[in-house]
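>>> sharing a model prediction with you, sequence too.
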Amino acid sequence: MSALRNIQTYVFQSRKVLSRFTGKPTSAVAAELLMTRPGGYAFSSTYAKFDYDCYGGLVAEGRNAIRQGDPQRAVPLLDRALGLWRGPAFVDVVTGCTLEAQRRQWEESKLGVIETLSSAKIETGQHYEAAADLTAASSSPLHEGLHYQYMRALSMAGDRAHALDVFSKLRLNMVSELGIEPSDLMQELQYSILNS
């Protein structure tokens with residue numbers, strides 16, 4: 001019986017917090033947002049705004065702008081999407097198999113958005129900004145897409161030596177960890193930087 005009372009207390013306290021955030025009276029929160037149902041409680045997202053929904057919408061809109069050939073419009077959208085991140089996904093949550101898979105999906109999504117944003121910044125002449133964004137490439141030592149964009153940004157910013165160093169480190173990591181060479185695309189970029 002005490003477990004049930006604890007849950008009821010937590011729900012009551014949660015409704016008070018939600019009331020403060022939404023500006024609605026507690027009774028309205030109980031009727032419309034965190035409702036009592038047979039066998040438990042239900043949360044309605046009608047009045048809630050979730051970061052992952054905002055993130056997904058901004059990413060979709062940014063990628064759509066790129067598909068339409070408008071990287072200038074895509075840059076602020078993708079920047080805003082990444083601005084919603086406040087550290088690693090589920091950093092303060094104990095994960096099981098399902099939640100760990102979701103965590104990895106979000107983390108991979110973030111890396112993909114960094115790659116897309118960097119490419120858009122390079123297309124709009126923001127080479128230095130793209131290079132700064134891509135310092136995260138070092139935390140993903142096997143992510144070819146991030147390293148590719150990092151090499152492009154550095155090369156276009158006039159730092160060919162650093163761009164070639166990025167390739168060397170990626171190659172070393174790939175050969176030692178996976179036993180494979182970087183892709184043809186990466187090798188072609190290295191060759192073009194060497195010969196520019």
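Looks like it arrived, so ask away. It should be emphasised that the depicted structure is a prediction, and the values quoted were computed from it without experimental measurement. Numbers count the residues shown, from 1 in each chain.

>>> and the helices in the protein?
In the chain, the helices defined using DSSP state H lie at 2-22, 26-32, 51-67, 71-83, 97-123, 127-133, 144-156, 160-178, 184-194.

>>> could I get these in CSV, plus columns for mean neighbour count, distance to G39 and mean pLDDT?
Quick note: C-beta positions are derived from backbone N, CA and C, even for glycine. CSV is the format used below for those (neighbours: other Cβ atoms under 10 Å; distance: least, Cβ to Cβ, whole Å; pLDDT from 0 to 100):
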stretch, mean neighbour count, distance to G39, mean pLDDT
helix 2-22, 12, 12, 87
helix 26-32, 15, 17, 88
helix 51-67, 16, 27, 94
helix 71-83, 19, 37, 96
helix 97-123, 17, 22, 92
helix 127-133, 20, 48, 93
helix 144-156, 23, 46, 96
helix 160-178, 15, 49, 96
helix 184-194, 14, 55, 96
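
>>> what's the closest of the ones you listed to F90?
helix 97-123 (4.6 Å; Cβ to Cβ).

>>> care to break this protein down by domain?
2-43, 49-123, 125-196 (automatic domain parsing).

>>> just the terminal-to-terminal distance for stretch 172-188.
Stretch 172-188 has an end-to-end distance of 17 Å (Cα to Cα, to the nearest Å).

>>> pull the residues that contact it.
P141, L142, E144, H147, Y148, M151, F167, L170, R171, Q190 (Cβ atoms under 8 Å, 6 or more residues apart in numbering).

>>> what is the nearest of those to R80?
Nearest to R80 among those, counting by Cβ to Cβ, is Y148 at 23.9 Å.

>>> how close does the residue most central in space within the chain get to L58?
Taking Cα atoms, centre = their mean, the centroid of the chain lies closest to K110, which sits 2.3 Å from it. Applying Cβ to Cβ, to the nearest Å, the value for K110 to L58 is 12 Å.

>>> again with H127
Going from H127 to L58 by Cβ to Cβ gives 23 Å.
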